[in-house]
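Undergrad: Please find the sequence and the predicted model below.
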Amino acid sequence: MRALLLAAGALALGLAPLAFVHPVRVAGRSMEPRLRDGDVRLVLRAWCAGRPAQGELWLAAAPGGTVVKRVVALPGSQVELRDGEVWIDGAYRPEPYVAQTDRETAGPWRTGDGYFLLGDNRGESRDSRAWGPLPAAALEGRILGSCW
């Protein structure tokens, strides 16, 4: 009995980190060049990741499935795309992580209580431009880095 309890305790201790972080495999090209199709990243679960900040990468439950996207605008914001550049509340928002813009002009979108998420590879990304802002409950965790 003691051996069984020790084994169960060791298993619980070994699995405990999964309560905080878990791996996720990136699917698709929407986050290139930062993340590539098939990359494996660690995700800090939302309940311990704090509030999302502009520029952070998050795992989110979006219409059509789970995605990895960048938080571009926070609740209470207005977002516009002007010739491929992001403008938030009338101010230009530099995006050094976007390698190539698609020169799109769209919006404005109001985030309300939600978060506006975009892929870095705009021409290959289905994101808040299509499904609108996502509620905080849809954000599952912050992307931390590589598993190896």
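TA: Structure's in. What do you need? Only a predicted model underlies this, so the values are computations on that prediction, with no experimental measurement involved.
Undergrad: Let me see the contact set for residue 99.
TA: Counting by CB atoms under 8 Å, 6 or more residues apart in numbering, residue 99 touches 32, 33, 120, 121. For every residue, glycine as well, the C-beta is placed using N, CA and C.
Undergrad: hang on, the first one packs against residue 124?
TA: What it means is residue 32. Yes - the pair residue 32 and residue 124 passes the contact test of CB atoms under 8 Å, sitting 7.2 Å apart.
Undergrad: Return the set of residues that bridge with the residue nearest the centre of the chain.
TA: Nearest residue to the geometric centre of the chain (CA atoms, centre = their mean): residue 58, 2.0 Å. Beta-bridge pairing of residue 58 under DSSP bridges involves residue 69, residue 142.
Undergrad: for the one 4 residues further on, same thing?
TA: According to DSSP bridges, residue 65 are recorded as the beta-bridge partners of residue 62.
Undergrad: now do residue 78
TA: What pairs with residue 78, by the bridge criterion (DSSP bridges), is residue 110.
Undergrad: sorry, back to before: let's see the ChimeraX selection covering just the buried ones among the contacts of residue 99.
TA: To isolate the buried ones among those in ChimeraX, judged by 16 or more other CB atoms under 10 Å, type:
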select :32,120,121
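Undergrad: how much space is there between residue 22 and residue 143?
TA: Per CB to CB, to the nearest Å, residue 22 is found 11 Å from residue 143.
Undergrad: now do residue 78
TA: Residue 78 is 26 Å from residue 143, by CB to CB.
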